[in-house]
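Enquirer: sequence and predicted structure, then a few things I'm wondering about:
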Amino acid sequence: IEICRHGIVTDYYLEKNQKKFFFDIIDAASKFGRKVFIKQKRSNSFRLPPAYTKLFNQLAMMPNVELVDPDISAYRLINNAAGVISMPFTSTAHIAEYLGKPSVFYDFTSRISDSEPTGLGVPMIQSPKELNEWISRLPN
């Protein structure tokens with residue numbers, strides 16, 4: 001039985017899923033010479049689980065990744081981005097749409113329906129192939 005909270009399966013944000021989410025995006029972006037900017041929501045590293053801290057340390061070492069200070073405004077970062085890929089159903093996707101930037105949710109698990117009302121019209125992509133296609137269409 002899957003228990004849902006706010007339209008998301010409760011195990012959706014486990015470290016292994018976050019890792020796959022980030023690495024799929026980084027892999028696809030590198031194929032097109034794109035840089036990936038990752039903004040953590042909080043800077044309170046003493047409160048983060050060790051696995052999460054380890055993941056972000058690993059991401060920081062990758063050549064096409066830049067971790068952005070959590071105190072930087074999401075609006076400012078997104079306004080300077082070519083496009084935004086968000087985990088369902090985070091607000092960054094909606095901020096991007098508001099700013100007129102290409103925006104998608106990426107659900108590699110295919111567990112979330114594209115017609116989920118919480119998406120508020122933001123498209124959902126569900127495979128590395130779709131991710132590659134979407135990134136390939138971003139403006140320079």
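Expert: The structure has been received and is ready for your questions.

Enquirer: the residue nearest to the spatial centre of the chain - nearest residue in space that isn't next to it in sequence?
Expert: Computing the C-alpha centroid of the chain and ranking residues by Cα atoms, centre = their mean puts Ser86 first, at 3.3 Å. Using Cβ to Cβ, 6 or more residues apart in numbering and skipping residues adjacent in sequence, the residue nearest Ser86 is Ala93, 4.0 Å away. Backbone N, C-alpha and C define where each C-beta goes, glycine included.

Enquirer: quick one, longest helix in this structure?
Expert: If you go by DSSP state H, the chain has its longest helix at helix 15-31.

Enquirer: show me how far that one is from its chain's centre.
Expert: Counting by Cα atoms, centre = their mean, to the nearest Å, helix 15-31 is centred 9 Å from the centre of its parent chain.

Enquirer: which outside residues touch that helix?
Expert: Residues outside helix 15-31 that contact it (Cβ atoms under 8 Å, 6 or more residues apart in numbering): 11, 35-36, 38, 49, 51-52, 55, 59, 62, 64-65, 85, 87, 106, 108-109, 128, 131-132, 135.

Enquirer: PyMOL command to pick out the buried ones of those residues?
Expert: To isolate in PyMOL the members of these that are buried, counting by 16 or more other Cβ atoms under 10 Å, one can use:
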select buried, resi 36+38+52+55+59+62+65+85+87+106+108+128+131+132+135
